[in-house]
Structure formats: structure tokens, C-alpha cells
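>>> this is the structure alone, sequence omitted:
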């Protein structure tokens, strides 16, 4: 599929990514609905829409750089902002509920894998990415996709499943 921005037009693509990231963060900070969804999910959903309507290319060396360098650097930066003592103090009961739901998500993913592995290719990777996103959000989806070295075209379906 031909896109408005060529995959070889690196600087325009970097500019688009930077502007869209800024817009996503701005929406999250300005609107209540966007803060409930989060800027990361808005950015991912927008990237899917822009790709599917033909504005962004499906594959580009820029995406490889993002997955190889930007995402692994962004994850620790997000973790630096947390205060573990305050989290344990304020949310012990919620932590227990979260752990139960996380175990349920993992068990459901394992069961789905064994029931559907003959019918869906790469289900091990897709199931891991989706369950990680259900447990920890879009950042975990990106981290698992990077860890599994998932092809870009395989990431589209799980992103749609997360949104649905």
C-alpha cells in the first residue's frame, strides 16, 4: 500500500511521530476523556488510523529505530516516576485485587493458547502481548512486542483487539 509519507522520507516521518506524540500528550493533559484513555493509547490508536488510511507507511527504518532505542529508553523513564512506598501504603487492598486479576489474565491466555494454537499463527507472541497490555497497559504491549521481536504487520491485529 502506498502512503502519503514515504518510508524513506526519514525526517518527515520523525517529525510526524514527534508532533503526534506531542498532540497525544496535550490531549491527555487537557481533556478528561483523554486522561482516562492515556496519551500512549491515543498515540497508538492514532498511528493505527494514520497507517490504515494511508498517511503513514506500514514499514520504515524509523520504526526500527523507535522499537530498538526509543521504547527501551522510555520504559525506565516511566518507572523512575513511581514512589513504591506510597503505592504500597495507599493501595494494599487494590494490589491484592490486581494480582488476582493478573493471574486470571495469564491463566486465560494460557487456556486460549492451548485451545486456539492450531488455528492462529504466532498465537504465543500475540497472547503474550495482549495479556501484558491487559495487565499493564500499552507500554507493556510495546515492551513485549520489542522483546519478542514481533514483525510490525503482526502488531496491528493485537492493537485492534486491545482497543475493542
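Nice, I can see it. A quick note: this is a predicted structure, and the numbers were derived from the prediction, not measured.

>>> where does the prediction get shaky in this structure?
1, 152-164 (pLDDT under 70).

>>> the most centrally placed residue in it: what's it in contact with?
The centroid of the chain falls nearest to residue 138 when counting by C-alpha atoms, centre = their mean (3.3 Å). Shown in contact with residue 138 (C-beta atoms under 8 Å, 6 or more residues apart in numbering): 38, 40-41, 44, 162. Where C-beta positions appear, they are placed from N, C-alpha and C, glycine not excepted.

>>> and residue 85, by the same measure?
No contacts exist for residue 85 under C-beta under 8 Å, 6+ apart.

>>> following the host helix or strand of it, which helix or strand shows up next?
Per DSSP states H and E: residue 85 is located in helix 84-90. Next helix or strand after helix 84-90 toward the C-terminus (DSSP H and E): helix 92-116.

>>> that next one: which residues count as buried?
105-106, 109, 112-113 (16 or more other C-beta atoms under 10 Å).

>>> do stretch 134-151 as well
Applying 16+ other C-beta under 10 Å to stretch 134-151 flags 134-135, 138-146, 148, 150 as buried.

>>> same question for stretch 116-128.
123, 125-128.

>>> measure how buried residue 20 is and give me the count.
Residue 20 sits with 16 neighbouring residues when counted by other C-beta atoms under 10 Å.

>>> now the one 3 residues further on
Counted with other C-beta under 10 Å, residues neighbouring residue 23 total 14.

>>> next up, the contacts around it.
Residue 23 neighbours (C-beta under 8 Å, 6+ apart): residue 46.

>>> quickly find the element holding it.
Element membership for residue 23, per DSSP H and E: helix 10-30.

>>> now the element after that helix, going C-ward?
helix 32-37.

>>> next one: that following helix to chain centre, how far?
Distance of helix 32-37 from its chain centroid, counting by C-alpha atoms, centre = their mean, to the nearest Å, is 16 Å.
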